[in-house]
Structures are given as C-alpha cells and as structure tokens.
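Participant: Give the three-dimensional model of this entry:
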Amino acid sequence: MKNRYLLLLAVVLLAGVKQLKAYQITFKVKGGANQTYLLGYYYGDKTYIRDSSRTDATGKCVFKGRDTLPGGVYIIASQDKRLLFDFVVNEQEFTMETDTADYIGSMVVKGSPECAAFFAYSKFANEKGKNGMELDRKMKQAKAMNDTAMSNKYLRELKDLQQLMEDYRLNVIKTTPSFLIAKIFRIMQEIDIPESPLGPKGEILDSNFQYNYYKQHYFDGFDFTDDRISRTPVFHPKIENFITKLTLQIPDSINAAADFLIKKTLKSKDISKWCIYWITNHYETSQYMGMDAVFVHMVDEYYTRKEVSHWVDETLRFKITDRANTLRNTLIGIKAQNLVLPDSAMKYQVLYNIEADYTLVLFWDPHCGRCKEEIPKLLTLYKELNPKKTVSKQKKFEIYALGSTTDNAEWRKYIKDNQLPWLNVHDPKHESGYHRLYDINSTPVLYLLNKEKKIIAKRLSVEQLKDFIEKGIQ
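Facilitator: Take a look at the predicted model:
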C-alpha cells in the first residue's frame, strides 16, 4: 500500500499532453485485410498502447486522434500484442504501406522524412544482419574443420560488415543530425577512452582514470534537450546502466550520480521527470537495505521543488513527502529514536539507557506466526552472545522488545511461557508513536543499533543479525 502514490505518479507522467493538432497515420498492409493493429510507443522502460484500428477489405486503416502524438519511436503490434515493427513519429500526418510477407523490407513511407530514414536504416540493418549470420555460420563451420585460412577470411568479412554498419550510422549523424535516428546513433556510440596518464617512471598515476573518464563522458552523445529521446528503446537502458552499474551502490554515490544526471536533464520536461520518477521509485522499492536514503534524497531535492516537479500535483507531493519524512527517522547511520515505555511490571524502560555493544529494537506480536518462528532463534542468539560470566558490566547484546499487541494478557503470558530474558515493553496508551518513528506496519521488524544507538542494520533476519554482530560492524 505504501507505494500506491508511485503508481499514481506513473499515471501523472503519461498525462498532460498539450492539445495542438490531430494526428493521422494511414497504414495500408497487403495481406492484412480485416485485421486489428495496435499503435504503441516506448516511454522509459515500458511500452504503452496508444491506439488501435482495424483494416478494411483492402488492408487499410487509419490511426487518428485529437491530440498531437509526442515524437519518439512507436510500434505497430498485432491484436495479440506481438511486435511487428518499430517506426518514428515526428510529423503528425503520414502514410505507411507494406506487406505482411515482410513488414520492414516492403515498407514505403510518404509524408515523413524522419520515418523514411528510420526504415531505410532498418532495411539496411536487416540485410547486413542476415549476411552477418551467414558469415558467422561459415566461420564456425571452418573452425570445426580446422580451416584457419577460411575462418580468418570470414572473420575479416564480418569486421568489414560491422564497419559498413558503423559508416552508415556515422553518415546519418553527419547528414541529418536533427533526425531522431541520428540522435539514437549518437547515444549508441562507444566512448573513446584515452590511456591513463603515466608518471616519470612509466607508472600509472591514477588507477581509476579510465573509469572516471568513461563515467564523466558517458552522456556526451546524449541530447538532453530533445523530449523524443525519452520515447526510444535506447533511453532507459542508458539511464539504468549509469545509475545501477557504473555507480557504486551505496546511497552517497547513488545520490551524487542522480544529481549529476538530473542536472543535465532539466532542459527536457519528459526526460527529467522520467529520470526523477524512475530513480525515486527504483530505490524506494529496493530490496537492499539502506537504499531508502536515496528515496529521501530524491524527495528532498526534487519533489519539494515545484520548478523541477511541476508535473506532480499537490496531493501526490504531500503523500510522497510524508513518506520520506517517515523513512527519515530510520535511515542507516542516524541515531535511533528514543523510546520510553513500561515493561510488564509497569516500570518505564528507556532505550537510550541500555549499555551494550549492540542493541536490537524488536517489534513483535504474540499472535504473529513469523514472530513465533524468529523469537526462538533470537533467544538462542541472545544466550550465545551473553554468557553468564562476563568481565565487563556492559553487555555484548541486549534487546528492547516492544510488543505491539493490544492484548496485554496474551503478551505477558507469552513472555512468561517462553522465559524471554530481555527488556520487554509495550505501549498500552499508544503514547510513543512508534509506528511512525520506526515505520512499523507489520511484525516482526528488527533494528540493530551500535553503542551510540545509531542504526547500523534494519529489517533483517536473525541469521543476518548474527552475521552483522560477528563481523563487528559498527
């Protein structure tokens, strides 16, 4: 339920297309009479259906609407959502004529130079792709026969073929730089990384030079001013790779990378809002501990600033900010919120007063099935870490266990029957606000604190808890 506002946000991202003029795409396909075709488009990491139309007896149909189609790479799919081909939308009125025997090879486009250029490359790539597959087959066959001469010959031909493809793309970039296909090719270009600078004795001065150079120049070919880029299949993989693969997956590094990226995107409303949305959602829903710090950073930096997140309505802004404020209390590395609650004898116990190398704040319920599985394991670990004979007064490990049930009699009975030796407290008057302070919506939930009561781990199993303590993580 906590992510429902992000689902709403996804809807917001797709809304609000300014009504300028109608679009009309005439599609005629030989062999496609009386068939339903779907018009879809790429956006971020997904494809969406925008329209559908049914061909008449001649195989002709028209996709049309009152709103402008945002520029980008679109798809034509069959009624069962099988992709037939991609194409480019730039002009709002044009015609595509083809044949079911070969949708791409037979395609003729009228009224859209950009779409025509896209199919010209698609046809060229398909043809060279078939040639490449045949050369690859022959090369493998030659290798199997130990025919080195022929194997090398086919390898050279494959490299020549790859060079032809590269030359074609470079020519498109040079001759039609404003076309979307040219901008896609620029995004796909490899980065030329120089050798690392050497010292006077030939030693490498900076072992991270090439990595840092690659990361700094990763977006050199990316036109962040063109909204159409966000509706291409190359857009999201490029963004995702930068954030999740090129960036060290710790919150500080991710936050710095996100800021670096988003600063570049602000000239494009569509690109910036997708990047902000995707990074926020990706790390808020991450299964890796501590990544909620990225979510809080994104909300603080972007969702509270209307000049950046003007596409977010006030209701959604309030909900997402409220969620960040809840998570803010439980981020790894901050001091846990103090709790002062009564035990079974109605004597108040203060969390901060516990003297231990590690303190576990446990939220549990005697009626909870998972709690009944975890508490016996926890009891074994507690006894293992706290032998009876101790040199220091300070315990190795203590537990501050808050029973979240309103059935106090059952809570007391469970403690007594299972002889739970740690500090058992409850909140009969609902005075602590622990649900919000510790983001408790279910049980069991475990927070591990160090000597200074800083959160060093959370929402982990007993097995993971033991591993943290044995490694001496502080």
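Participant: so where does the residue nearest the centre of the chain fall, helix or strand?
Facilitator: The centroid of the chain falls nearest to H282 when counting by Cα atoms, centre = their mean (3.7 Å). Assigned by DSSP states H and E, H282 falls within helix 269-284.
Participant: Could you list the buried residues of the helix or strand following that helix?
Facilitator: Once helix 269-284 ends, the next helix or strand along the chain (criterion: DSSP H and E) is helix 292-298. Neighbour-count burial for helix 292-298 flags D292, A293, V294, F295, V296, H297, M298 (criterion: 16 or more other Cβ atoms under 10 Å). Placement of C-beta: from N, CA and C, glycine included.
Participant: Stretch 180-194 too?
Facilitator: Applying 16+ other Cβ under 10 Å to stretch 180-194 flags L180, I181, A182, K183, I184, F185, R186, I187 as buried.
Participant: thinking again about what came up before, tell me the mean pLDDT over the helix holding H282?
Facilitator: Helix 269-284 shows a mean pLDDT of 94 in the predicted model.
Participant: do the same with stretch 116-129
Facilitator: Taken as a whole, stretch 116-129 carries a mean pLDDT of 96.
Participant: Same question for that stretch: list its buried residues.
Facilitator: Those would be A116, A117, F118, F119, Y121, S122, for stretch 116-129 by 16+ other Cβ under 10 Å.
Participant: Kindly present those as CSV, with separate columns for secondary structure.
Facilitator: As requested, the buried residues of stretch 116-129 are arranged in CSV below (DSSP: H, G, I helix; E, B strand; the rest coil):
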residue, secondary structure
A116, helix
A117, helix
F118, helix
F119, helix
Y121, helix
S122, helix
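Participant: re the thing from before, out of the buried residues of helix 292-298, flag the one nearest to H367.
Facilitator: Using Cβ to Cβ, D292 comes nearest to H367 of the buried residues of helix 292-298, at 27.8 Å.
Participant: re earlier: in helices only, show me the buried residues of stretch 180-194.
Facilitator: Applying DSSP state H to the buried residues of stretch 180-194, the entries found in helices are L180, I181, A182, K183, I184, F185, R186, I187.
Participant: Quickly note the distance from the first one to Y43.
Facilitator: Think L180. Separation of L180 from Y43 (Cβ to Cβ, to the nearest Å): 14 Å.
Participant: what's the spacing between stretch 220-237 and its chain's center?
Facilitator: On the basis of Cα atoms, centre = their mean, to the nearest Å, stretch 220-237 sits 16 Å off its chain's mean C-alpha point.
Participant: swap that for stretch 354-362, sorry
Facilitator: Counting by Cα atoms, centre = their mean, stretch 354-362 is centred 34 Å from the centre of its parent chain.
Participant: ok, and what's touching it?
Facilitator: Contact with stretch 354-362 is made by 336, 339, 351, 378, 393-402, 423, 438, 444-451, 453, 465, 469, as judged by Cβ atoms under 8 Å, 6 or more residues apart in numbering.
Participant: No more questions from me, cheers.
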